[in-house]
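Q: Generate a structure from the sequence data that follows.
(2 chains)
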Amino acid sequence: MKYSKEIQNPKSLPAGRQGKIKTRNYLLILTLFGFGILSLGFSYAYAITGEEIIKRVDANMTFKTARTESKMVIHVDNDVREKTMLSYDKGRDTGYAEFLSPARDKGVKYLKIEDNMWMYLPSVDKIIKISGAMLRQSMMGSDFSYEDALESTKLLEKYSANLVSEETVPVTFKEEGKLVTKQRLCYVVDLVAKVKEITYYRRMVWVDKTLFVPVKEDLFAMSGKKLKEMTMGDILKFGSRYYPMYMTMSNLLRQNSRTEMYTTKAQFDIPVDPAFFTQAKLTK
Amino acid sequence: MNPAQREKGVRWVLFGLFVSCLLAIPTHGIELGGYYENDGIGLVKRTGGSVIGDMNRLRFKLDQNFGQNLTIHFEPRYYLFVKSENIPLSGVSNLDQLTWDRYYLKYYSGLANITIGKQRIAWGSGTIWNPTDVFNPFVMSFAVKEEETTNVEAIRLEAPIGNAGGIDSYIVTGKNWSEVKKGIRAKTTVGLFDLALSYVDTGNNNFQVGFDSSGDFMQAGVRNEIVLRSPPGSNAYIQSVWGMDYTLDNGVGLNAEYFFNGLGAKNKDRYDWAGLAAGNISQLGMVYLFFSANKIIDELTNVRCSLISNLDDLSYIIYPQYSRNISQNVDLSLEGMWVGGQDGSEYYPTSTIDPTGLAGSKMALVRIVYSF
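A: Residues are numbered from 1 along each chain as shown, chains lettered A, B, ... in the order given. Below is the predicted model of the structure:
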C-alpha cells in the first residue's frame, strides 16, 4: 500500500528515497511498456472491442435516475475553494444541478437536455442558454468546462473507439469506510474523433477490466497537445454496479490548478419528479 | 441637529432595526443571503478636474417558503455614496435610503408559475442590447451590474410547455389599462436553438413585435433579436441585434455584438439629446458595435477588455477589468474606463450638452464584494 502512495506522490519524499522510487517507477514503466509491447503484439487476441468496452461502461454508469450531493474542491496553487451542489439526473442526457454554497454562487442552477444547456442566474432572474463558445469555458471556476458536463452517451457517435492495450494503474476504493489503493488491470481505449470540429479530438480512457468503470482519462487537442487529465476513484458498489464517488480534473492549459469532485451522497434509480428537468424549475 | 440630519439619523435607526429583525427571525423555512459591496471610484472629468467617491452597497435577499409551491421574496438594499461632488452613476438611484428593490410572491403549480409584485422581467438574448426587453433595452453589462437594472411592479404568468418551451406573459400594475405595458412571449427549442416570438403593448397605442434566438452554429454561440416598433403618429422602425461568441484554443473568449437602431441618426448634429436625457431612448446613433475578449488566467482570476462604439460618430468606451476571487466569498475587481471621440459625439459630448463634464470622463474603480 505504501508503495502505491509513494508512486502517486514521490516528490513528498526525501531526495534519496525519491531516487529509489524513480528507479522503481522506471522499472514499473519498463514493465508496463513491456506489457504494452506484448499487448500490441497480441492485440488480435482481445475478446472485446473498444466499442464494446465503451458500451459496457455506459451500461454500468448510466442509471435510470439519480440524486447526488457533491462537493467541488478547486485548488489553485495554495488557494482552495469549496462549492456544494445538488443534482438530479435522468439517464445521461438529462440533468439538473443547483449550487447550494458558497454564498456567491448559491442558487445558480443548470439544466441539461441532450445537447442543450441552460444556466439560471438568480441575481438577474434570467435563464441564459450556454452554447457554442461558452461550452468550452470553465464551469463555476472549476477545471471542468460546461462541455465536460454535457458529455453523454453519444460518445460513440462522435468517436471511433480502439482497444490499444492493457495497463495496471492504481485505483482507490472505499472499503469499510477507509480508502485503499489497489493496482487494477485496465483496458486502454483510444477514442479518435470522427469529425474535426470538436474540442477533444482524441481521448485515452483507462477502463477497469473487471468493473467497467473508467478510472483515468487524458484529453487531447487535434494538434496532439494534452488539454486535460481526469482520474476517478473511491469506487463503490450500488446493487450489481460500480460507481466512482471521487473525480479529479486538471486543465493543463492553466498552471497549478486541479478540481476534485466528491460525491457525498448518491441515490440511484429512485423516483424523481419530472419537473426537475424543465426550465420552469430553474426559476423556482 | 437640523431636520435633514435628523431624518437621515431616523433612516439609519430604521435600517438598523430592520437588520436586527432579520437576524432575529427564526431561520426555519427562511433563506437569507446578500452582499456588501464597496466601490472606490476616481474620475478625471472631460472638462478637467477630478472627483473621488466611495460607493457602499448593502443588499439583502430574503426568501420565505410556504410549503413546496409558494415563496415570498424580499430584496431590500441600502446604498451610501460618499463623494467629493455629485456624480450621477448609471443604474444607481435612491441613495442613502432603504429601497425595496424587489418584493414578490411566487406561486408554482404544474401548469404555471404566477409572480405578483416588483420583479425583474428580462426577455431577449443580447448581451448589451435587448430591444425585446422593454424595461431594460440597453445595459452596459460589462460595467454595470445587471442586478441594478429596472424592476417593475407586475403580474406575471409563465406557463411551461414541454421541457424548454412555454408562454410568458405580464401586465404591469399601477396605471390605467390603456397606459400599462402588457406583453406575451412564446418560446421553444428547435435543435440547438432557442426561438421566441413576443408582442408587447407598450401603452398609449404603442406596440412592438419581436423575435429572438440563441443557439450554436459551427462551434460558435450565435444570438439575435429583432423588433418592429410602431409609435403612434410616426413611422414604424426596426431595432436588431446580432451577436456571436467564440473561444479560441488558447482559452481566450471573444464576444461581439452588432446593433442597428432604426430610430437613431447617422449625423451627430441630429441626435435627440433631449430624448436621451428624458429616458425615452437609449441610443442616439444608428449603428453600434460591442466587442470583448476575456481570458481565465486560473480558476480564480479573470481578465477582460470590452469596447463599445457608436460606428456613426466613432465615439467609444474601452473598459478593461481584472477580477479575482480572493477568498471563498470575497471578490476583488479592478476596472478602468477610457472614453474617446469627437466633441459632440455620443460618448464624448460637448459642455453645452453636458455642463457637468462627467460624460466622457476617464475612470478607475476598485471593487470589493463580500457575499453572505
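
Q: what does the stretch 1-150 of chain A have sitting close to chain B?
A: Near chain B, the residues belonging to the stretch 1-150 of chain A are A:74, A:76-77, A:79, A:81-82, A:102-104, A:106-107, A:111, A:113, A:115-116, A:118, A:122-126, A:129, A:131-138, A:141-143 when assessed by Cβ under 8 Å from any Cβ of the partner chain. (Each C-beta comes from the backbone N, C-alpha and C, glycine too.)

Q: Please list the members of those that lie in strands.
A: In this view, those that belong to strands under DSSP state E are A:I74, A:V76, A:D79, A:R81, A:E82, A:L111, A:I113, A:N116, A:W118, A:K126, A:K129.

Q: List only buried entries from these.
A: The neighbour-count test (16 or more other Cβ atoms under 10 Å in any protein chain shown) marks A:I74, A:V76, A:D79, A:R81, A:L111, A:I113, A:N116, A:W118, A:K126, A:K129 as buried among those.

Q: which pair in the residues you listed spans the largest distance?
A: Spatially, the most separated pair among those is A:D79 and A:I113, at 34.4 Å (Cβ to Cβ).

Q: what residues are up against residue 109?
A: This is for chain A. A:Y96, A:A97, A:E98, A:F99, A:M119, A:Y120, A:K281, A:L282 (Cβ atoms under 8 Å, 6 or more residues apart in numbering or on different chains).

Q: Wait, chain B was what I had in mind.
A: B:N69.

Q: Output the buried ones among the ones in strands among the residues of the stretch 1-150 of chain A next to chain B in CSV; the columns should cover pLDDT.
A: Below are these laid out as CSV (pLDDT from 0 to 100):
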residue, pLDDT
A:I74, 93
A:V76, 90
A:D79, 92
A:R81, 94
A:L111, 94
A:I113, 90
A:N116, 89
A:W118, 93
A:K126, 89
A:K129, 91
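
Q: Looking at those residues, spot the one nearest B:I317.
A: Nearest to B:I317 out of these is A:K126 (Cβ to Cβ; 23.5 Å).

Q: tell me the pLDDT at the closest residue to the closest one other than its chain neighbours?
A: Closest residue to A:K126 apart from its sequence neighbours, by Cβ to Cβ, 6 or more residues apart in numbering or on different chains: B:A122 at 4.4 Å. Looking at B:A122, its pLDDT reads 91.

Q: My guess is B:A122 contacts A:V124. True?
A: Yes. Assessed by Cβ atoms under 8 Å, B:A122 is found in contact with A:V124 at 6.2 Å.

Q: and the residue nearest to A:T278 when sequence neighbours are not counted, helix, strand or coil?
A: Leaving aside its chain neighbours, A:T278 sits nearest to B:N163 (4.9 Å; criterion: Cβ to Cβ, 6+ apart). With DSSP: H, G, I helix; E, B strand; the rest coil as the basis, B:N163 sits in coil.

Q: can you count the residues close to B:N163?
A: 19 (other Cβ atoms under 10 Å in any protein chain shown).

Q: What residues does the stretch 51-200 of chain B have near chain A?
A: B:61, B:71, B:106, B:108, B:110, B:113, B:119-120, B:122, B:125, B:145-147, B:149, B:158, B:160, B:162-166, B:189, B:192, B:194.

Q: Surely B:A164 touches B:T189?
A: Yes. At 4.3 Å, B:A164 counts as touching B:T189 under the criterion of Cβ under 8 Å.

Q: in stretch B:41-61, what's buried?
A: B:41-43, B:45-46, B:51, B:53, B:55, B:57-61.

Q: Model confidence for B:R11, exactly?
A: Predicted confidence (pLDDT) for B:R11: 58.

Q: can you give me the helices in the chain?
A: Going with chain A. A:2-8, A:15-41, A:50-61, A:146-150, A:155-158, A:279-282 (DSSP state H).

Q: Can you look at chain B instead?
A: All helices of chain B, identified by DSSP H, fall at B:3-24, B:273-278.

Q: residue in the stretch 1-150 of chain A nearest to chain B?
A: A:G132 (2.9 Å; Cβ to the nearest Cβ).

Q: Any idea what the residue in the stretch 151-300 of chain B that chain A sits nearest to is bridged to?
A: In the stretch 151-300 of chain B, no residue comes nearer to chain A than B:G221, which is 2.9 Å away by Cβ to the nearest Cβ. Listed by DSSP bridges, the beta-bridge partners for B:G221 are B:D216, B:D245.
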